[in-house]
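Asks: Task: produce atomic coordinates for the following.
(chains A, B and C)
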Amino acid sequence: MELNAKIPSGPLSEKWDTHRFQSKLVNPANRRKYKVIVVGTGLAGASASATLGELGYKVETFCISDSPRRAHSIAAQGGINAAKNYQNDGDSVERLFYDTIKGGDFRAREANVYRLAQVSGNIIDQCVAQGVPFAREYGGNLANRSFGGAQVSRTFYARGQTGQQLLLGAYSALSRQIKNGNVTMRPRKEMMELVVIDGRARGIITRDIITGEIQSHCADAVLLCTGGYGNAYFLSTNAMASNVTAAWRACKKGAGFANPSFVQIHPTCIPVHGTFQSKLTLMSESLRNDGRVWVPKDKDDQRPPSQIPEEDRDYYLENKYPSFGNLVPRDVASRNAKEQCDQGKGVGSTKLAVYLDFADAIKRDGEETIFRKYGNLFQMYEKIVDTDPMKDPMMIYPAVHYTMGGLWVDYNLMTTIPGLFALGECNFSDHGANRLGASALMQGLADGYFVISTSVGSYFGSETMAPADTTHEEFKTSEQNVADRISRLMRNSGDGPSGKVTVDEIHKELGRLLWDNCGMARNKEGLEHALSRLPDLKKEFWDNVYIPGTGSDLNQSLERAGRVADFLEFAEFMIRDALDRKESCGCHLREESQTEENEALRDDENYSYVSVWEYTGADNEPNLHKEPLVFENVTPSQRSYK
Amino acid sequence: MWFVSFVKSSIGKKIIMATTGLLLILFLAVHAFGNAAIYMGSKYFQIYADTLHGFPVLVLIFGLGLLVLFIAHISVGTLLFLESRSTRYSRYEVNKRVVENTFASRTMPFTGLFILVFTIIHVFGFNIAAPAGVPISVTVKEYLSGFFYSLFYIVSFVALAIHLNHGFWSMLQTFGVNHPRYNCLIAKLTIIVPVFFLVLFGGIPIYFMTGAGSAY
Amino acid sequence: MNTIDLTLKIWRQKDNDSLGNFETYTLRDITTDMSFLEMLDVLNENLTKEGKEPVAFDHDCREGICGMCGAVVDGVAHGPDKEVTLCQLHMRTFNTGDTLVIEPFRSRAFPIRKDLVVDRSAFDRVIQAGGYVSINTGGTIDGNAIPISSETAELSMDAAACIGCGACVASCPNGAAMLFTSAKISQLALLPQGQPERKKRAQAMVQQMDAEGFGHCTNEKECEMVCPKGISIRNIARLNREYMKGILMGE
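Replies: I've put the predicted structure just below:
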């Protein structure tokens, strides 16, 4: 596997312009001769489909939901960053670039991040022009809020529904292209296989979720915009259908997978409250502006929070990090909550939660002010937990939220398979080892609106491709593989459920295994244990899973089974990557690599690289390739929030 | 053509309902003011009637106009009723409305039908088959002194009030009149307008039935 | 931890061409902290273990924003709680011994795919008819070039909050999609960016809405009452105005 990041030469600030000038173009009249498949309709997929459709390419877009508008980008709450400097507080492209690189603990590629910062402003202009109702100041200008990891206000927002509004903006642009006939939309289709012909991505095999029909789709390029793999942990803030299948299938066909162990765990989520729980709900990070995090000093303290006096409370974040206090970055806050709970000081029925207390803020600013700021979040919390945060402190616990790892891509967002591109959370490119708040939306839209059109044009313009269609041998073989796999999944189901396991039971077990050993803090022993458990779990799944129904109609158990089967295989990559990286960085804390004060200790000398894993067959260990990270414009420093 | 697509569209039909409804309310208002002369005595009422009928062409034009409005309101209403019939009943095992007080809106077609029957009887009684040579002021008293005839009138006016209770608000909504600043006023008007007509029209049969109009 | 026992009467239907019927199931020891969909998960896990086919239902984000979930519970779309989607409805709303009747969103324009799963692609086609600003990527003016008052932006956002779940259609006695359509039209009509296509948009979207087989609005307000995002029928009034302006004064 050859890793050529194809970073343009020249000074950092000129790379993107140089690259666009040097990239090949496709004549407008010729564009309709090229067909592009887009998988996924989140921010990246919808914006890429719309943009390529506008340019005149023939686009075929797929999603697993009933409508492209359901993609999980819709759930993003906080906002989207852009280096507009509307607040005159000293923001600039350079600063956004630096904050993002530093926030990612110096494990991202300089050139990609700089480009992201450069186009961030265009994203806002684009969205405003589409009619996205961003929050406004009284004078009519766009409003900004501040977010973690930055000292400037550069986050644009639409109430607590920024992701929804941006996605609906991209969805409307996509709808326009569907109407114009440039994009063919295929909802309720799940990508089951990538088809590679002569070393190039030439199409996909899908399963129709309603009818079970397996179909081939041929194209000249394939764009994967299929999000992250957080659901490997079973419980996460991801949507139920979020999965790794598309990316994993691509990986098995030769695409390298970068940094699979980089998983962001968000500190403020509603805690797990029972074994039946299906997903975790995020509470916006902004709550930490006014909430104070604490646990009882005595781990056997059974009193309700209101009866625990000040002297018996441990405000551990404020005590440990006097200058940042409750506003330390996500990874630090998460790790400390885990540490308290590991010591048995957790609260609530499961002892896996800490308090987030607004009593002092209410005393200081008054009930009205606090409610105006956080009312909608408090109501959401009350709906789920049935206690009122205005009276009793909230209980929070970290939860899997975002995956910085993803398919390895070069500067063009092309994977190691020519013609296969990965956009948005699906790729690994911009966030390093930790993503800053409000940067995911920025990256998805940057890739889809502004980057991919250059890349696709350049790919088509510089290569001549042999014509192909779905009658090609590869399509037939791939279709057969998909059908075989489905019948293999269903093979245990003929003789009834007795003595069998359900899909969810295996998924929950995998989730627990990963959460305990490859979660917020990792160590060699735990990771090796998890790695050794995986084959048994896989065997148990394939030998014993019971899937009711048939493969030839809507069968949600079968859909889940296919995804869990892929998570089971993919988990090995996550664990192996975590094992390989013996340093701590960003989200990835190796307990062996800590400072004296239990902070993450990076090892730039040995680990300043992107780890790229190559699939080498079911029974073989994957190969590790390294893309060294070169920092010419910033100097990696130790993050300190004391 | 724009008009065809206008009439064909769901909103277009609603606008026709609202416009004809509004014009019918205006007619009712004029009619009610004229009839109010009854409360002043038979002399004044007769003067009003005679003055009105002193312009036969005008009466004819207005009469025909009214007929057109009625036909439009009823036919479009029937069309909408039939269109929604397929979805309206027993769609769900449990039929439940979340909105309280849906009586008026649910019974729109039926109160409308009742008003139609009333209108036919009313026009027939006071116009087409009115006793020849008898002044209208006398005929009114004769008819409305009868208990069942009056009761029918009162029930009809109640039906009208119920129809207007939803119809008036619905009309404004269809015209796009919905603003938080005025919604409170509109909510009051949905009571005031029907009650106004109920009192003014319903008062007449009561006026005669109860004997309050004996000095008429 | 409080638990309740329930009887569920759930609509089962193989596909759009088959006839459906109600099946009755009993569930014991349902934790009241569960969401409604988690309760259905428990039912499905039980059914799976009994070798029966689980109840198909649409769901995705489970935090009330994707608009994928939805069913009619005891005659009310998204169930008895106000301004929540089915995934945010919690079992503490119910009492032990309750019988819950669960039916799919029904509308002529929403064919049933299986059990509680319906096809809402009609909504997508209504948006495709004109629910956008016709601009291409790139070449847009600066975001601050056109000031928009904070109040206007908020009003537009009120309408834009629609999640496209279809509860408005399911609850409307006439199966009308006016609240959905009006939300998109209002969002764009209020903003300066939506002005150039304003007249055309209302006509095109209403035409598509009618063509999909949605009913007409008789101002019953049911949609507003069940809307999980609290979208007001004031938007329908605005749609009516937009439509009138478009068809009476459009070019």
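Asks: unless I'm mixing things up, C:Ala202 is touching C:Leu248, no?
Replies: No. Using CB atoms under 8 Å as the test, C:Ala202 is too far from C:Leu248 to be in contact (11.2 Å). Using the backbone N, CA and C atoms, a C-beta is placed for each residue, glycine as well.
Asks: Of those two, give the one with the bigger neighbour count.
Replies: For C:Ala202 versus C:Leu248, the count of surrounding residues by other CB atoms under 10 Å in any protein chain shown is larger for C:Ala202: 28 against 12.
Asks: Then the more buried one would be within a strand, right?
Replies: No. Counting by DSSP: H, G, I helix; E, B strand; the rest coil, C:Ala202 is not found in a strand; it is helix.
Asks: Grab the longest helix from chain B for me.
Replies: When chain B is parsed with DSSP state H, its longest helix is helix B:56-88.
Asks: and the next element down the chain from it?
Replies: The first helix or strand that comes after helix B:56-88 along the chain, using DSSP states H and E, is helix B:103-106.
Asks: quick one: contacts of the helix or strand just after that following helix?
Replies: Scanning forward in sequence from helix B:103-106 by DSSP H and E, the next helix or strand is helix B:108-123. With contact meaning CB atoms under 8 Å, 6 or more residues apart in numbering or on different chains, helix B:108-123 is reached by B:70, B:74, B:77-78, B:81, B:104, B:152-153, B:155-156, B:159-160, B:162-163, B:166-167, C:218.
Asks: now for the next helix or strand after helix B:108-123, which elements pack on it?
Replies: For helix B:108-123, the succeeding helix or strand toward the C-terminus, using DSSP H and E, is helix B:136-144. Under the contact definition 3 or more CB pairs under 8 Å, 6 or more residues apart in numbering or on different chains; DSSP states H and E, helix B:136-144 sits against helix B:42-53, helix B:147-174, helix B:180-209.
Asks: Buried residues in helix B:136-144, which are they?
Replies: In terms of neighbour count (16 or more other CB atoms under 10 Å in any protein chain shown), helix B:136-144 has its buried residues at B:Ile136, B:Ser137, B:Val140, B:Lys141, B:Tyr143, B:Leu144.
Asks: between those residues, which is closest to chain C?
Replies: Using CB to the nearest CB, B:Leu144 comes nearest to chain C of the buried residues of helix B:136-144, at 34.4 Å.
Asks: List the contacts of the closest one.
Replies: Contact analysis of B:Leu144 by CB under 8 Å, 6+ apart lists B:Ser150, B:Tyr153, B:Ile204, B:Pro205, B:Tyr207, B:Phe208, B:Met209.
Asks: next one: A:Gly79
Replies: Neighbours of A:Gly79 in contact, by CB under 8 Å, 6+ apart: A:Arg145, A:Phe147, A:Thr155, A:Phe156, A:Tyr157, A:Thr162, A:Gly437, A:Ala438, A:Leu441.
Asks: Based on its surroundings, how many neighbours for A:Pro271?
Replies: A:Pro271 has 25 neighbours, counted by other CB under 10 Å.
Asks: Quick one: classify it as helix, strand or coil.
Replies: coil.
Asks: my guess is it meets A:Gly348, correct?
Replies: Yes. At 6.0 Å, A:Pro271 counts as touching A:Gly348 under the criterion of CB under 8 Å.
Asks: intersection of neighbour lists for those two?
Replies: Here A:Pro271 and A:Gly348 have A:Met395 as joint contacts, going by CB under 8 Å, 6+ apart.
Asks: Please pull out the lowest mean pLDDT helix or strand from chain B.
Replies: Least confident helix or strand of chain B, by mean pLDDT, DSSP states H and E, is helix B:136-144 with a mean of 87.
Asks: Pull the distance from it to the chain's centre.
Replies: In terms of CA atoms, centre = their mean, to the nearest Å, the centre of helix B:136-144 is found 21 Å from the chain centre.
Asks: So what touches stretch A:493-511?
Replies: Residues from elsewhere that reach stretch A:493-511, judged by CB under 8 Å, 6+ apart: A:232-235, A:275, A:492, A:537, A:540-541, A:544-548, A:557, A:560-561, A:564, A:567-568, A:571, C:41, C:45, C:48-51.
Asks: Could I have the ChimeraX command that selects the buried members from those residues?
Replies: Entered in ChimeraX, the line below selects the buried ones among the contacts of stretch A:493-511, by 16+ other CB under 10 Å:
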select /A:232,233,234,235,492,537,541,545,546,547,548,557,560,561,564,567,568,571 /C:41,45,48,49
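Asks: before we move on, back to that, let's have the buried residues of helix B:136-144 in CSV, adding distance to A:Gly424.
Replies: Output for the buried residues of helix B:136-144, formatted as CSV (distance: CB to CB, whole Å):
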residue, distance to A:Gly424
B:Ile136, 80
B:Ser137, 83
B:Val140, 79
B:Lys141, 83
B:Tyr143, 79
B:Leu144, 77
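Asks: now the longest helix of chain B and helix B:108-123, what's the angle there?
Replies: 150 degrees (axes from the mean of the first three to the mean of the last three CA atoms, to 10 degrees).
Asks: How far off centre is helix B:56-88?
Replies: On CA atoms, centre = their mean, the centre of helix B:56-88 falls 12 Å from that of its chain.
Asks: dump the residue contacts of the residue of the stretch 51-200 of chain C found nearest chain A.
Replies: Relative to chain A, the nearest point of the stretch 51-200 of chain C is C:Pro147 (2.6 Å; CB to the nearest CB). The neighbours of C:Pro147, taking CB under 8 Å, 6+ apart as the test, are A:Arg136, A:Gly139, A:Gly140, A:Asn141.
Asks: Show me the shaky parts of chain A.
Replies: Within chain A, no stretch has pLDDT under 70.
Asks: Pop the domain breakdown of it in here.
Replies: Following automatic domain parsing, chain A resolves into domains at A:12-262+A:404-462, A:266-401, A:488-580.
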